[in-house]
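Colleague: just need the structure, nothing else, for what follows:
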Amino acid sequence: MKKLIIILFILIAYYKINAQSINDTVYKSINKGILIPIGTNKNYFLKTGVSAQIWMRFMQLNRGIKNIDNQEIKYDADVLIRRMFFPVYLKLGNFTFFTLPAFSSQPATASTNPTSPKQTILYFYDIWTSYKLLNGKLIIGTGLNMYNGISRYSSASSARTLGSDVPLIAAPNLTSTEQAARQLSMFITGNLNSFGYRIAIAKPFITANIPEHPEIDKIYNYHNSHFSYKGYFEYQFWDKESNTIPFKSATYIGSKKILNIGWGFDYHPQATLSFNTDSNTTKYDKVHLAADIFIEYPMGKHSAITLYAAEFLCDYGPGYTQSFGVQDLYGQSISELQYGTGKATFIQTAYLFPSNHLANRVQFYYELTLRDFDGAIKEVYHHNAGLNYFIVGHKIKCTLQYENRPVFEENNIARKSLIISKIQIGI
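Modeller: Below you'll find the predicted structure:
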């Protein structure tokens, strides 16, 4: 395993040394994307593009996993179309319309997953519109969107991540009342000088995971008609980030100097329940709170350091836990503890190596997720380490990530490995 990682890192270094030269003018043109003016007013335009993320994975599987021939297997590999989308951003003066259709299964197509559709389908991540007032100090909007509360990465751009993917701990409703971390909501957002804010009232999607014979005192997500309420607030000390679109970048690749401190919440009343011995039920409010800090500090020769840290407090009801794996091949083959009542910490740091040019950049990063949930026997640590190779910023990049994940085996914690090689290309 270690030899394989070393070989892959060497291949990336070799490719950088022999990479095709891309001058800064071409780099900026590709980053700009496809922009179609509407008339002569610069505030009337349509911006579009196409982007895809392809993963290749090598996985050490959890204990007891069997293949289609009923043989126990310890390792597997696959090719995964993680995302493919066609963003459309229409600006008509103060009006903004955004939609993000994707040609993919919902939301990915995997080569070895028997439950994946054999053909891709049309899937919408976003469909929302907004209207800007008071020079961007107040923006009012509605639709299927990612104006979420809790933390910065709860509204993270999946195209501008630091690691291979968005950290799951920042999307605690992902498997219950959200669709790809989106909800249908009415929102207000904007910037008041250095203070940025977003507040939303959402109608969560239906959750129905209660079995015919539920376990006593186990917490289940409950289908109810209550609205949820969420918000995120941040103070921006250095360069300012716009709230015209909801997506937050995990790194600006040294192009901005950022120091933001934020805090947020997500409250959904009576969203979970448990069954008692007397056949009665007890309902619980689902509450998430978080505080975070994001720093990106450019240095000489286009180099930069990046740091993000967040603390999450989660309450789904007493003792609640949930385990799963991203695009799991056999149901529980790469499953690990993800959500629960308790607290969690996420830390992310990176170093962008110096360069005389904007293209062909190399960045090393490390991620740590600590989950300390009341219903788990122990706190668990998940480690990610990897390299980003930015050929043309986030438009054309390669990521190589090694994951060391915790798995409960009886009362002990085993460590399993997973390697992801991601290619992202778009315009």
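Colleague: list the buried residues for stretch 277-294?
Modeller: Judged by neighbour count using 16 or more other Cβ atoms under 10 Å, the buried positions of stretch 277-294 are Tyr284, Lys286, Val287, His288, Leu289, Ala290, Asp292, Phe294. C-betas here are computed from N, CA, C, even on glycine.
Colleague: dump the residues you listed to CSV, plus pLDDT, secondary structure and distance to Pro269.
Modeller: Listed next are these as CSV, based on pLDDT from 0 to 100; DSSP: H, G, I helix; E, B strand; the rest coil; distance: Cβ to Cβ, whole Å:
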residue, pLDDT, secondary structure, distance to Pro269
Tyr284, 95, strand, 9
Lys286, 96, strand, 8
Val287, 97, strand, 9
His288, 98, strand, 13
Leu289, 98, strand, 15
Ala290, 98, strand, 19
Asp292, 98, strand, 25
Phe294, 98, strand, 30
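Colleague: what's whatever helix or strand Tyr402 lives in packed up against?
Modeller: Per DSSP states H and E, Tyr402 falls inside strand 396-409. Strand 396-409 is packed against helix 2-17, strand 336-340, strand 380-392, strand 412-426, with contacts defined by 3 or more Cβ pairs under 8 Å, 6 or more residues apart in numbering; DSSP states H and E.
Colleague: who touches the helix or strand that comes right after the first one?
Modeller: So the one you mean is helix 2-17. Next along the chain after helix 2-17, taking DSSP H and E as the criterion, comes helix 24-32. Helix 24-32 has contacts (Cβ atoms under 8 Å, 6 or more residues apart in numbering) with His357, Leu358, Ala359, Val392, Gly393, Lys395, Ile396, Ile427.
Colleague: buried subset of those as a PyMOL selection?
Modeller: Here is the PyMOL command that selects the buried residues among the contacts of helix 24-32 (16+ other Cβ under 10 Å):
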select buried, resi 358+359+392+393+395+396
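Colleague: pLDDT and distance to His383 added to the contacts of helix 24-32, as a markdown table?
Modeller: Shown next, in a markdown table, are these (pLDDT from 0 to 100; distance: Cβ to Cβ, whole Å):
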| residue | pLDDT | distance to His383 |
| --- | --- | --- |
| His357 | 87 | 32 |
| Leu358 | 89 | 30 |
| Ala359 | 91 | 30 |
| Val392 | 94 | 29 |
| Gly393 | 94 | 27 |
| Lys395 | 95 | 28 |
| Ile396 | 95 | 27 |
| Ile427 | 89 | 34 |
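Colleague: quick one: stretch 368-376 to chain centroid distance?
Modeller: Remark: stretch 368-376 is offset 19 Å from the chain centroid, using Cα atoms, centre = their mean, to the nearest Å.
Colleague: how about it: buried residues?
Modeller: Buried positions in stretch 368-376, judged by neighbour count with 16+ other Cβ under 10 Å: Thr369, Leu370, Arg371, Phe373, Gly375, Ala376.
Colleague: now it: average pLDDT?
Modeller: Averaging pLDDT along stretch 368-376 gives 97.
Colleague: can I get it in CSV? Just the C-alpha atoms.
Modeller: Below are the C-alpha coordinates for stretch 368-376, written out as CSV (Å, rounded to 0.1, in the frame of the first residue of the first chain):
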residue,chain,number,x,y,z
LEU,A,368,-8.6,15.5,10.2
THR,A,369,-12.1,14.7,11.3
LEU,A,370,-12.7,13.9,15.0
ARG,A,371,-16.1,12.5,15.9
ASP,A,372,-17.1,12.2,19.6
PHE,A,373,-20.7,11.0,19.6
ASP,A,374,-22.7,10.0,22.7
GLY,A,375,-23.9,6.7,21.1
ALA,A,376,-20.4,5.5,20.0
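Colleague: what does that stretch rub up against?
Modeller: 167, 169, 314, 318-321, 337-348, 379-384, 408.
Colleague: quick check: ChimeraX command selecting the buried ones in those residues.
Modeller: Per 16+ other Cβ under 10 Å, the buried members of the contacts of stretch 368-376 correspond to this ChimeraX selection:
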select :167,169,314,319,320,321,337,338,339,340,341,342,343,344,345,346,348,379,380,381,382,384,408
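Colleague: now do the phi/psi pair for the most centrally placed residue in the chain.
Modeller: Among the residues of the chain, the one closest to the centroid is Val166, at 2.4 Å (Cα atoms, centre = their mean). For Val166, the backbone dihedrals are phi -70, psi 140 (criterion: degrees, to the nearest 10).
Colleague: which residue packs closest to it, ignoring adjacent ones?
Modeller: Ala156 (4.6 Å; Cβ to Cβ, 6 or more residues apart in numbering).
Colleague: enumerate every residue touching that neighbour.
Modeller: Counted by Cβ under 8 Å, 6+ apart, Ala156 has contacts Val166, Pro167, Ala170, Phe247, Lys248, Ala250.
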